[in-house]
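Asker: what follows is a protein structure lacking sequence information:
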């Protein structure tokens, strides 16, 4: 076998191995991103629930004016709506492939 042929075969094998490694790293990165999104979403949901509990707590809200209570309630509702919108956007993104992709995400 000529040395040029050996070099060519070596380059081809290297490219095959590199593409396999890159694909597996991409999968791992996607899994970590999904886990991070879930953790963040759970923490935000917990904060919203804590805020609702505080609003219903008489000891906490006794010194507050009605206007302040309404402001806090509006913030909680806005956060909930933002979460719902984000979830629907994520669902839409996962259902439709991005422009220029071949459907293998």
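Answerer: Here it is on my side, so go on. The structure presented is a predicted model; accordingly, all values stated were derived computationally and were not measured.

Asker: how much space separates the most centrally placed residue in the chain from residue 44?
Answerer: Closest to where the C-alpha atoms of the chain average out (Cα atoms, centre = their mean) is residue 37, at 3.2 Å. Distance, residue 37 to residue 44, by Cβ to Cβ, to the nearest Å: 11 Å. All C-beta spots, glycine's among them, are computed from the backbone N, C-alpha and C.

Asker: how many residues are close by residue 17?
Answerer: 10 (other Cβ atoms under 10 Å).

Asker: again with residue 51
Answerer: With other Cβ under 10 Å as criterion, residue 51 counts 16.

Asker: does it touch residue 72 like I think?
Answerer: Yes. Between residue 51 and residue 72 a contact is recorded at 6.9 Å, counting by Cβ atoms under 8 Å.

Asker: do you know the pLDDT at the residue nearest to the centre of the chain?
Answerer: According to the prediction, residue 37 has pLDDT 93.

Asker: how near is it to residue 57?
Answerer: 31 Å.

Asker: please name the nearest non-neighbouring residue to residue 75.
Answerer: Residue nearest to residue 75 in three dimensions, not counting chain neighbours: residue 51, with 7.7 Å by Cβ to Cβ, 6 or more residues apart in numbering.

Asker: quick one, what contacts that neighbour?
Answerer: 72, 75, 76 (Cβ atoms under 8 Å, 6 or more residues apart in numbering).

Asker: which strands and helices sit next to the helix or strand where the second one lies?
Answerer: For residue 75, the element it lies in under DSSP states H and E is helix 66-95. Under the contact criterion of 3 or more Cβ pairs under 8 Å, 6 or more residues apart in numbering; DSSP states H and E, the helices and strands touching helix 66-95 comprise helix 3-56.

Asker: from the contact counts, what lies against the helix or strand bottoming out on mean pLDDT in the chain?
Answerer: The helix or strand of the chain with the lowest confidence, counting by mean pLDDT, DSSP states H and E, is helix 58-61 at a mean of 71. Contacts defined by 3+ Cβ pairs under 8 Å, 6+ apart place helix 58-61 against helix 3-56.

Asker: again, only using 10 Å
Answerer: With contacts taken as 3 or more Cβ pairs under 10 Å, 6 or more residues apart in numbering; DSSP states H and E, helix 58-61 sits against helix 3-56, helix 66-95.
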